[in-house]
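Enquirer: Structure for this input, please:
(one chain, ligands or ions: 1)
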Amino acid sequence: MDCSGFQLFWWSIKLVGLLVALLVARGVLWLVNLLWVAPRFDPLRNLPGPDASAFHSHFCSVNDPDITPELYHEWTSKLFGKTFRYHGYGRHDYRLMSFDLRVVSHVLTSPVYQKPWQTRAYLGRLLGRGVFNMEGAEHKALRKLIGPAFTAQAVKGMSSIFLQKAEELRDRWDALVSANGSSTATFDVAHWISRTTFDIFGLSGFDYHFNALHDESEEVYSAYRRMFNISDKATHLRVLKQLYLPIVERIWPDRDDKITQQCLKTIRDCGTGLIQAKRETYMNEKSDDKDILSLLIKSNLSTEPSNRLSDTELLDQLSSFLFAGSDTTALAITWCLHILSHHPEIQSRLRAELLSSPTPDTVTSSKRNSICSVSSTSSVMQADTIDALPYLDAVVRETLRVSPPVHGTVRVATVDDLIPVSSPVVLRNGKIIHENEYIRIKKGSFVHIPVEGLNMSEEIWGPDARQFNPDRWTSLPAGATPPSFPGLANLMSFSFGRASCPGYRFALLEAKVVIATLVTQFVFSPVEGIEIGKYNSVVTRPFVRDRLDSEGFQLPLRISKHTD
Ligand code: HEM
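Expert: The predicted model follows:
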């Protein structure tokens with residue numbers, strides 16, 4: 001190497017060194033700002049709340065269903081009041097949590113608060129440009145477009161599917177219970193109910209037969225199931241990799257990434273064909289199909305062409321509804337049977353109401369094969385009868401109150417904001433924020449909405465808030481009724497505001513129909529020698545204590561035929 005070549009080499013080394021040093025310095029500055037500087041100016045710092053050491057997180061506590069009812073009670077009524085902050089990923093990470101409905105309403109209704117980009121990006125990988133992935137004007141337009149698919153009328157139009165599948169499940173269980181000449185059997189009801197709600201959504205969502213109750217090998221069903229299972233079991237590290245290093249998944253996909261891609265392809269191939277066929281039928285015959293996809297296609301075609309969704313986007317909505325509505329409703333039904341098994345007197349009273357209610361002629365199965373062919377007034381009447389039963393309604397709502405399938409949700413402030421409070425907040429420096437004054441929150445701060453906590457707040461529901469008592473629904477305290485309590489269906493379980501659950505009527509009717517069909521036929525009791533625990537991921541699932549790792553999520557129950 002001659003002298004000038006050596007100098008060039010030497011300068012290159014220096015330049016690279018300088019760049020590395022600058023990058024390291026930037027990283028160090030970023031860390032110093034994140035861990036020490038920014039937290040000092042975070043207005044949430046002054047709020048009351050539990051303390052933590054440098055890398056201590058309260059995530060484990062606020063996500064542990066074994067302790068949250070007691071913990072929230074202690075935090076709100078004894079230690080911090082209704083509005084406080086806790087620590088997310090360490091002491092520097094202040095997060096707001098509130099049981100003050102004015103604060104909660106502000107956060108859930110103001111456009112300032114959005115679903116965190118992490119949630120949207122993660123779900124976007126699986127569900128594409130679905131409703132979960134959208135925010136702002138785009139989200140608002142989409143909610144308007146999907147509205148017609150979830151009206152009370154539209155949901156009633158699907159009731160024959162709910163009845164048909166509930167009866168199919170009842171018959172499958174009947175066979176299990178009667179096997180070997182017995183009249184009692186013990187099995188995992190959670191998985192059976194999940195198969196049922198998948199089937200129901202296949203028919204009422206896309207007019208598609210998953211046939212999961214019959215067997216679980218249908219390819220689109222398997223694709224959804226495998227994909228959702230992978231996402232449900234994803235470790236923290238895996239989620240972080242997918243969010244912050246998505247390129248790794250593209251260049252070097254692991255087994256789960258490959259399976260997810262295959263599943264997405266299967267779903268897209270089938271879904272695109274379905275959408276094209278439905279659209280053609282609608283354009284040619286103005287068909288009267290009542291499944292959600294048909295209603296979406298109609299709504300889409302009657303929207304301004306510039307605002308219409310593409311076929312892929314339509315399919316992404318359907319996948320999002322399936323993701324949001326299938327396991328949630330299955331869990332509502334599953335938790336209800338679990339609770340009834342522990343409250344035999346409530347179970348008997350419910351059964352008595354169901355057996356004494358007038359039922360119109362049942363609809364023959366052939367009429368119910370596809371929602372498109374259903375013109376059955378009697379199934380709507382039957383669903384209407386079921387829907388109107390007061391004790392069933394109270395049992396279902398009370399289950400959703402004490403065991404909400406979605407235990408909480410999170411929003412992030414997109415700009416600095418002032419949040420009005422209705423209960424005083426005593427700051428750490430002794431200053432008081434009075435009613436109708438504001439707490440400050442800075443852009444980027446996370447707000448945790450404690451769905452389960454609000455459902456069990458003594459302040460809202462009275463001193464027996466943490467007990468299962470369906471009778472409370474005949475005379476709710478003033479604080480638990482509108483306008484004081486804004487939750488959909490009088491619960492926080494479906495949230496409320498801009499991104500509340502559009503499927504709540506669907507879920508309530510589906511749950512009632514399935515529970516009514518099962519409880520008239522069977523008696524549910526707990527399995528001796530095991531204890532059922534709750535596990536919070538995005539949803540709250542049941543498991544047998546000490547057997548989660550070996551056997552996964554399940555809810556075994558002892559089921560016998562009702563004979564009286
Ligand atoms: C018992 C059953 C159900 C429960 C407990 C439930 C609960 C919820 C909750 C709490 C949210 C708000 C999440 C958030 O704010 O981050 C939500 C959103 C949503 N739910 Fe449900 N849901 C249920 C059933 C359904 C059904 C049956 C469907 C559709 C058929 C559905 C579709 C959706 C959709 C699309 C969203 C997103 C709304 C948006 O982002 O604008 N859900 N659900």
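
Enquirer: Run a quick neighbour tally on Thr474.
Expert: 9 (other Cβ atoms under 10 Å). Heads up, the C-betas are built off the backbone N, CA and C, glycines and all.

Enquirer: go on, Leu400?
Expert: 27.

Enquirer: Which of the helices or strands spans it?
Expert: Leu400 belongs to helix 390-402 when assigned by DSSP states H and E.

Enquirer: Quick check: can you name the pairing partners of the helix or strand just after that helix and their directions?
Expert: Counting by DSSP H and E, the next helix or strand C-terminal to helix 390-402 is strand 409-413. The pairing partners recorded for strand 409-413 under DSSP bridges are strand 113-114 (antiparallel), strand 446-449 (antiparallel).

Enquirer: Run a quick neighbour tally on Met456.
Expert: So Met456, with other Cβ under 10 Å, has 22 neighbours.

Enquirer: wait, isn't it in contact with Asp464?
Expert: No: using Cβ atoms under 8 Å, Met456 is not in contact with Asp464, being 10.2 Å away.

Enquirer: OK, now which residue of the stretch 451-564 of the chain is nearest to the ligand?
Expert: Gly503 (2.2 Å; Cβ to the nearest ligand atom).

Enquirer: That residue: how many residues sit nearby?
Expert: 22.

Enquirer: Same check on the one 10 residues further on?
Expert: The local packing of Val513 (other Cβ under 10 Å) involves 27 other residues.

Enquirer: Enumerate the residues of the chain near the ligand.
Expert: 115, 131-132, 143, 320-321, 324-325, 328-329, 332, 404-406, 409, 493-495, 499-503, 506-507 (Cβ under 6 Å from any ligand atom).

Enquirer: Asp199 contacts Lys165, doesn't it?
Expert: Yes: under the criterion of Cβ under 8 Å, Asp199 makes contact with Lys165 at 5.1 Å.

Enquirer: Now the common contact residues for these two.
Expert: Leu213 (Cβ atoms under 8 Å, 6 or more residues apart in numbering).

Enquirer: before we move on, could you check phi and psi at the residue of the stretch 451-564 of the chain closest to the ligand?
Expert: phi -100, psi 20 (degrees, to the nearest 10).

Enquirer: If we ignore the residues flanking it in sequence, what's nearest it?
Expert: Gly325 (4.6 Å; Cβ to Cβ, 6 or more residues apart in numbering).

Enquirer: burial count for that neighbour?
Expert: Neighbour number of Gly325 under other Cβ under 10 Å is 24.

Enquirer: tell me which element it is part of?
Expert: Secondary structure (DSSP H and E) places Gly325 in helix 311-342.

Enquirer: same thing with Glu528?
Expert: Going by DSSP H and E, Glu528 is not part of any helix or strand.

Enquirer: Near it, how many other residues are there?
Expert: Glu528 has 7 nearby residues by other Cβ under 10 Å.

Enquirer: same deal with Ser525?
Expert: Considering only other Cβ under 10 Å, Ser525 is surrounded by 16 other residues.

Enquirer: Identify the residues contacting the nearest residue in space to it that is not next to it in sequence.
Expert: Distances taken as Cβ to Cβ, 6+ apart place Arg558 nearest to Ser525, at 4.6 Å, with adjacent residues excluded. The contact partners of Arg558, by Cβ under 8 Å, 6+ apart, come to Thr184, Ala185, Thr186, Ser341, Phe524, Ser525, Pro526, Val527, Glu528.

Enquirer: partner residues bridging Arg558?
Expert: Going by DSSP bridges, Arg558 forms beta bridges with Thr186, Ser525.

Enquirer: And it, how far from Tyr504?
Expert: 31 Å (Cβ to Cβ, to the nearest Å).

Enquirer: Can you report phi and psi for the residue nearest the centre of the chain?
Expert: Residue closest to the average C-alpha location in the chain (Cα atoms, centre = their mean): Val406, at 4.6 Å. Dihedral pair for Val406: phi -110, psi 110, per degrees, to the nearest 10.

Enquirer: list the contacts for it?
Expert: Per Cβ under 8 Å, 6+ apart, neighbours of Val406: Thr328, Val451, Ser493, Ser495, Val538, Val539, Thr540.

Enquirer: switch to 6 Å and redo it
Expert: With contact taken as Cβ atoms under 6 Å, 6 or more residues apart in numbering, Val406 is in contact with Val451, Val539.

Enquirer: Likewise for the one 3 residues further on?
Expert: Counting by Cβ under 6 Å, 6+ apart, Thr409 touches Ile449.

Enquirer: Can you name the residue of the stretch 1-150 of the chain nearest to the ligand?
Expert: Val131 (4.7 Å).

Enquirer: pLDDT at that residue, what is it?
Expert: Val131 is assigned a pLDDT of 92 by the prediction.

Enquirer: Ignoring the adjacent residues along the chain, who's closest to it?
Expert: Ser320 (5.1 Å).

Enquirer: my read: the one you found touches Gly130, true?
Expert: Yes: counting by Cβ atoms under 6 Å, Ser320 touches Gly130, with 3.1 Å between them.

Enquirer: which stretches of the stretch 401-550 of the chain form helices?
Expert: Using DSSP state H, counting those that start in this stretch, the helices found in the stretch 401-550 of the chain span residues 451-455, 458-461, 504-521, 548-551.

Enquirer: With mean pLDDT as new columns, can these be given to me in JSON lines?
Expert: Formatted as JSON lines, the helices of the stretch 401-550 of the chain follow (pLDDT from 0 to 100):
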{"stretch": "helix 451-455", "mean pLDDT": "97"}
{"stretch": "helix 458-461", "mean pLDDT": "94"}
{"stretch": "helix 504-521", "mean pLDDT": "97"}
{"stretch": "helix 548-551", "mean pLDDT": "92"}
